[in-house]
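Q: Everything below, folded, please.
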Amino acid sequence: MADEHGHDDHHHDRDHDAENATQQTSGERSAASAVAVPIIALGLLAAAVWLGSMPGPLPPAEVATTTPAVPSHSAGDPLPSWNDGPSKKAILEFVTAVTDPNAATFVPPAERVAVFDHDGTLVCEQPILHGLFLVDRAKDVVERRPELAQEEPFATLLTGDLDFVRRLGKKFVLDVTFAAIAGMSEDDLEQAARDFLDRAQHPVFDAPLGDVAYQPMSELLDLLKARGFDVWICSGSGIHFLRPVAERWHGIPPDHVIGSQPRTELRETATPLDEGKEASPQLDLVILPEVLILNDADQKPASISAAIGRRPILAVGNVGTAGDVAMLTWSQSDRRPSLQLLLVHDDAEREMAYDEPSHASLDAAAKHGWQVVRISRDWNKVFARSLARRGSRAGGLDEPTPPSEPSEAVASPAFDAPRPEVSETGSSESAE
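A: Below you'll find the model as predicted:
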């Protein structure tokens, strides 16, 4: 049974069974923009590259009287790209439990907050997509100012060696590059991001960037929205890139996006009008040469609290840099029912396979009883359409994966089932 806080018991039992089942695999607008773009491209690139995976081998709403209908993707299954098994079962049981007004576990819509990391959780993060955008901005500047092509860090940046930039060290990269950012308005930067999304191709998969969004996660987002969840993205990538991405790829509005951001200043600028007329003054938020928020690790709970004012009952992150551990742990520390999902990238054939050197994420999952989602086991498709790596044979990489063998497909316990002890070692998971 669930304890007096209404959530701890079901977590450990559900996730313990799920993990036991897989132990064996365990400035001024015109003149300043020419300078501002490289500044942003280098400054925010530091955060994007550093936060990217470099892996080792809400006023209360009226309570509903009936459970909202789930979206009908196929034959009544709201998650057709998820294999039947512990992860899918845990999600569906949780959603039902917190949205059934007759259940003791019911959570009012105003408190039904879900927060997702972005890179590596909703989209492929190899390489970090925000980093690609910032490199593109740097290339644009060099086209207009060719003399910069032989200067560092442009010379190295233009080779595409993002790992070199990262190896310079976080403090060095942030101090040096952010010291130079100035002059570009937020509006101009977000428009540049939209233009980039219109034409950019993924460097690994021969497809537009939007095609590397995960189909199973898209289905989960749709399910949550249909069931009255307030869905947010909380990521270490730059806020001005994330806003257009969230709206275009995930149907999440810009006011539901939390990300890293530079400090800004309200300045009066001028908008040119027709010839012979005076320019019309206007106010713009202009980027300053300072980091305001680096939204990673322990900063994520603080950012969520500031933006939402509520602790999420569903938090979703991924293995890669341990940047989501604090967010998932914080979401679990509440009186209400909650669910934490940790995505593991273990499918080299259809996507990527990598771990994090510290194994901190999987260790935390074993300790706290989070639901570990394995791409190889839990998803029968990764992307909405079959994708092929550049230079690979035709046919694509996203052929359906059958459900797990019966020995692995152990049903997760009921939502309020008693909780067994959970192993603290997490050895089989961490070894991967």
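
Q: Just confirm residue 220 is within a helix.
A: Yes. Using DSSP: H, G, I helix; E, B strand; the rest coil, the assignment for residue 220 is a helix.

Q: Now for it: which residues touch it?
A: 79, 91, 316 (CB atoms under 8 Å, 6 or more residues apart in numbering). All C-beta spots, glycine's among them, are computed from the backbone N, C-alpha and C.

Q: which residues does residue 202 contact?
A: 124, 208-209, 211-212.

Q: got CSV for those residues, with distance to residue 388 and neighbour count too?
A: Compiled in CSV, these are given as follows (distance: CB to CB, whole Å; neighbours: other CB atoms under 10 Å):
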residue, distance to residue 388, neighbour count
124, 14, 23
208, 14, 13
209, 16, 23
211, 11, 17
212, 12, 22
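
Q: still on that earlier bit, which of the contacts of residue 220 lies closest to residue 359?
A: Taking CB to CB as the measure, residue 359 lies nearest residue 316 of the contacts of residue 220, at 19.3 Å.

Q: Give me the phi and psi for that closest one.
A: phi -130, psi 130 (degrees, to the nearest 10).

Q: That one and residue 340: what is the separation?
A: 8 Å (CB to CB, to the nearest Å).

Q: The two: which is more packed in?
A: residue 316 (29 against 26; other CB atoms under 10 Å).

Q: State the pLDDT value of the more buried one.
A: Residue 316 carries a pLDDT value of 98.

Q: And for residue 148?
A: pLDDT, read off for residue 148, is 76.

Q: could I get stretch 142-150 in CSV with only the CA atoms?
A: Taking C-alpha atoms only, stretch 142-150 is exported to CSV below (Å, rounded to 0.1, in the frame of the first residue of the first chain):
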residue,chain,number,x,y,z
VAL,A,142,32.7,34.5,-40.9
GLU,A,143,31.0,34.7,-44.2
ARG,A,144,30.5,38.4,-43.5
ARG,A,145,33.8,38.9,-41.8
PRO,A,146,36.3,36.5,-43.5
GLU,A,147,39.3,37.7,-41.5
LEU,A,148,37.8,35.9,-38.4
ALA,A,149,38.2,32.5,-40.1
GLN,A,150,41.9,32.4,-39.1
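
Q: What residues sit buried inside it?
A: 142, 148 (16 or more other CB atoms under 10 Å).

Q: Adjust the sequence numbering to begin at 11 for everything that follows.
A: Happy to do that; since the first residue is 11 now, the last one works out to stretch 152-160.

Q: tally of neighbours for residue 344?
A: Around residue 344 there are 16 residues (other CB under 10 Å).

Q: Isn't it up against residue 323?
A: Yes. Assessed by CB atoms under 8 Å, residue 344 is found in contact with residue 323 at 7.1 Å.

Q: Please, where are all the helices along the stretch 161-310 of the chain?
A: Taking DSSP state H, counting those that start in this stretch as the test, the helices found in the stretch 161-310 of the chain are 164-167, 172-177, 180-188, 196-209, 225-236, 249-260, 309-318.

Q: Of those helices, which stretch is the most buried?
A: helix 249-260 (a mean of 23; mean count of other CB atoms under 10 Å).

Q: pLDDT of that helix, averaged?
A: The model assigns helix 249-260 a mean pLDDT of 96.

Q: Could you verify that residue 360 is part of a helix?
A: No. Counting by three-state DSSP, residue 360 is located in no helix; its state is coil.

Q: Can you give me the neighbour number for it?
A: 20.

Q: That one and residue 392 touch, don't they?
A: Yes. At 4.8 Å, residue 360 and residue 392 qualify as touching, with contact defined as CB under 8 Å.

Q: and the helices of the stretch 161-310 of the chain, which one is worst for confidence?
A: helix 180-188 (a mean of 49).

Q: list the contacts for residue 370?
A: With CB under 8 Å, 6+ apart, residue 370 has these contacts: 332, 335.

Q: Once you drop chain neighbours, what's closest to residue 262?
A: Excluding the flanking residues, the one nearest residue 262 by CB to CB, 6 or more residues apart in numbering is residue 256, at 4.2 Å.

Q: swap in residue 371?
A: Closest to residue 371 by CB to CB, 6+ apart is residue 329, at 4.5 Å.

Q: Quick one: residues contacting the one you found.
A: Per CB under 8 Å, 6+ apart, neighbours of residue 329: 130, 352-355, 364-366, 371-372.

Q: Looking at the residues you listed, which are in helices?
A: The helices, defined by DSSP state H, take in 371-372 from the contacts of residue 329.

Q: Name the residues of stretch 256-272 that are buried.
A: Here stretch 256-272 shows 256, 258-260, 262, 266-272 as buried, counting by 16+ other CB under 10 Å.

Q: related to what we said a few turns ago, so which of the contacts of residue 329 sit within strands?
A: 352-354 (DSSP state E).

Q: all strands of the stretch 311-442 of the chain, in order?
A: 324-328, 349-354, 381-384 (DSSP state E, counting those that start in this stretch).

Q: Tell me which of those lies nearest to residue 236.
A: The nearest among those, by CB to CB, is strand 324-328 at 14.1 Å.

Q: now the angle from that closest one to helix 225-236?
A: Using axes from the mean of the first three to the mean of the last three CA atoms, to 10 degrees, the direction of strand 324-328 lies 170 degrees away from that of helix 225-236.

Q: Need the nearest residue in space to residue 384, chain neighbours excluded.
A: Residue 384 sits nearest to residue 354 (CB to CB, 6+ apart), 4.8 Å away.

Q: The one you found and residue 328 touch, don't they?
A: Yes. Using CB under 8 Å, residue 354 is in contact with residue 328, at 7.5 Å.

Q: ok, back up a step: make JSON lines out of the ones in strands among the contacts of residue 329 and add distance to residue 231 and neighbour count.
A: Output for the ones in strands among the contacts of residue 329, formatted as JSON lines (distance: CB to CB, whole Å; neighbours: other CB under 10 Å):
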{"residue": "352", "distance to residue 231": "17", "neighbour count": "26"}
{"residue": "353", "distance to residue 231": "14", "neighbour count": "27"}
{"residue": "354", "distance to residue 231": "19", "neighbour count": "26"}
